[in-house]
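Asks: requesting a structural model of the entry that follows:
(one chain, ligands or ions: 1)
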Amino acid sequence: MPASMPMSPEEPAANPSPTTAVGPDGATRSISETVARRVWVAAGGRCTMCNRYLLTDDHTGAPVSIGQLAHIVGWTTSKGSPRGTDPLDVAERNDEANLMLLCYDQHRVIDHRTMWEVYSADTLRAMKRTHEQRIKQLTGLRDDDRTTVIRMVGNLHGTGVELSPQTVASTLLADGRYPDYTLLGVDEYEVDLRQLPGEPDGSPGYWEIGRAIVTERLARLAAHVGKENVRHLSVFAIARIPMLVTLGSLLDDTVPTVVHPKRRAGDEGWGWTPGAPDVDFEHRLLQEGTDPHQAAVLFSVSGTVDRGRLPATVGEGTTIYELRPAGVTPNRELIRTRESLDRFTRSWADLLAELEQRHPGLPAVDVFPAVPITAAVAIGRTPMRAVHPRLRSPKDEGSIRATWPAGARRAHSDRGIYAGAAEAGEGSGEPVSAGRTRRSPGGSVARRGRRGTGGRSRGRRIPRRRRWRPV
Ligand SMILES: [Zn+2]
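Replies: Numbers count the residues shown, from 1 in each chain. Take a look at the predicted model:
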């Protein structure tokens, strides 16, 4: 056994070698080195129950082992043997499957006579399985699985939202990644808009200052992207739609990026919903305007944008398009798979292409999104600079100039992803103003990563009849 696993036979009974199993009465049983090593390694040197690291003292860092091999089913069938009456063959009781690694304290607890029923053999086996699986998953993460987290939190109609680092970490882990906090500290890429006044009524000051904050934070990140310190981005955002669109418009298109979805149903956690249906999207013409230089897009996804409530600036002159789910009523549970988000993004890219064709030179398009978080980010992220019109809210004429360095690594733009994203539809027809978008005609529109389903957006165009349906 390696020296780093303290196992000197001279150690007192209270600090037994790692190849010794201890019974409730202090008696010890020697376990074969091979079996002991396997149990220690599978447990990651941590207590199966409290996850304490067992090879050093927490306070001093001194190399003192506080781990014990514990029998799930006691090693004899006698009455004093914890769970000893289990039918497990006595000959198999010193095997790996019947041993778990615990700290002293926890070992004492499970072997205490009053706790034998609470910690039944099945319960302990389940704990061992869960702990060992987790250790294997965590230690299996490679350097490539590191991701830089952007967390954006704002108020929603007067209420601050919570999005803890623990939530972020566990969501990433489920996706086979771990957060890289090494760059500039844990909160460096947190965009916290919760202290900003004016959110409930969406005052111009709120959008203006909020945009400035988002821009400033993303510019810092851009510097690290430029130095190649950031190789993958994970976006967790929960805020008012215009802020999400703004965030999307500032996201670099050269770094693989996953925008994580917030679920609305069930545990209301983050992540995709396995088995949820993939939804198609279509766009259609609602009104042919008289002025080719005025266009508006209603995104009816989490709800239907009410035409009757559009501002007066969207009048007869404006050509109005609507992007909506095909064959399904808009609702808040719509985009629950990566594929659905990809289809939404492709549909929006197709509509942008239509706008480009039908309204050459259109300076800006008014957008009214009733969409979930991930789709809001996609709305801001999809347009290409120099090709597509700027997005604009008719209620909010101000617009930011995106400070993201455009095209810094354009040659690699196909590495980007637009995966991840789901629910949490928020608001309807909220004003949006995003900076002039910044992609070159060469940039790919629907981005995918190594976990994506492959292929460029252009490879799977939705049939024209579905994309274009004048009413
Ligand atoms: Zn413990």
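Asks: neighbours of residue 179, how many?
Replies: For residue 179, the tally of surrounding residues (other Cβ atoms under 10 Å) stands at 18. C-beta coordinates here come from the backbone N, C-alpha and C atoms, glycine included.
Asks: doesn't residue 170 make contact with it?
Replies: No - the criterion here is Cβ atoms under 8 Å, and residue 179 misses it with residue 170 at 10.4 Å.
Asks: do you know how far the residue located most distally from the centre of the chain is from residue 84?
Replies: If you look at how far each residue of the chain sits from its centre, by Cα atoms, centre = their mean, the farthest one is residue 78, at 50.7 Å. Distance check for residue 78 against residue 84: by Cβ to Cβ, to the nearest Å, it reads 6 Å.
Asks: what do you get for residue 284?
Replies: Following Cβ to Cβ, the distance that separates residue 284 from residue 84 is 72 Å.
Asks: quick one, what contacts the nearest residue to residue 280 once chain neighbours are set aside?
Replies: Sequence neighbours aside, residue 326 is the residue nearest to residue 280 in space, at 4.1 Å (criterion: Cβ to Cβ, 6 or more residues apart in numbering). By Cβ atoms under 8 Å, 6 or more residues apart in numbering, the residues touching residue 326 are 279, 280, 281, 282, 466.
Asks: quick check: the farthest pair among the residues you listed?
Replies: Checking the contacts of residue 326 against each other with Cβ to Cβ, the farthest-apart pair comes out as 279 and 466, at 13.0 Å.
Asks: quick one: which of these two has more around it?
Replies: Residue environment comparison for residue 279 versus residue 466 gives the larger neighbour count to residue 279, 20 against 17, counting by other Cβ under 10 Å.
Asks: any idea which helix or strand carries the closest residue to the more buried one other than its chain neighbours?
Replies: Closest residue in space to residue 279, ignoring its immediate chain neighbours: residue 340 at 4.5 Å, by Cβ to Cβ, 6+ apart. Under the assignment given by DSSP states H and E, the secondary-structure element containing residue 340 is helix 338-358.
Asks: what's the answer for residue 282, then?
Replies: strand 281-287.
Asks: which stretches of the stretch 151-300 of the chain form helices?
Replies: Along the stretch 151-300 of the chain, counting by DSSP state H, counting those that start in this stretch, helices occupy 165-174, 204-226, 241-250.
Asks: what helices and strands are in contact with the second one?
Replies: Based on contacts counted as 3 or more Cβ pairs under 8 Å, 6 or more residues apart in numbering; DSSP states H and E, the elements that helix 204-226 packs against are strand 146-153, strand 190-192, helix 241-250.
Asks: hey, what's the angle from it to helix 241-250? Just curious.
Replies: The directions of helix 204-226 and helix 241-250 differ by 30 degrees, with axes from the mean of the first three to the mean of the last three Cα atoms, to 10 degrees as the criterion.
Asks: show me how far helix 204-226 is from its chain's centre.
Replies: Using Cα atoms, centre = their mean, to the nearest Å, the distance from the centre of helix 204-226 to the centre of the chain it belongs to is 21 Å.
Asks: list the buried ones in that helix?
Replies: Taking 16 or more other Cβ atoms under 10 Å as the neighbour-count basis, helix 204-226 is seen to contain the buried residues 206-207, 210-211, 213-215, 217-218, 221-222, 224-225.
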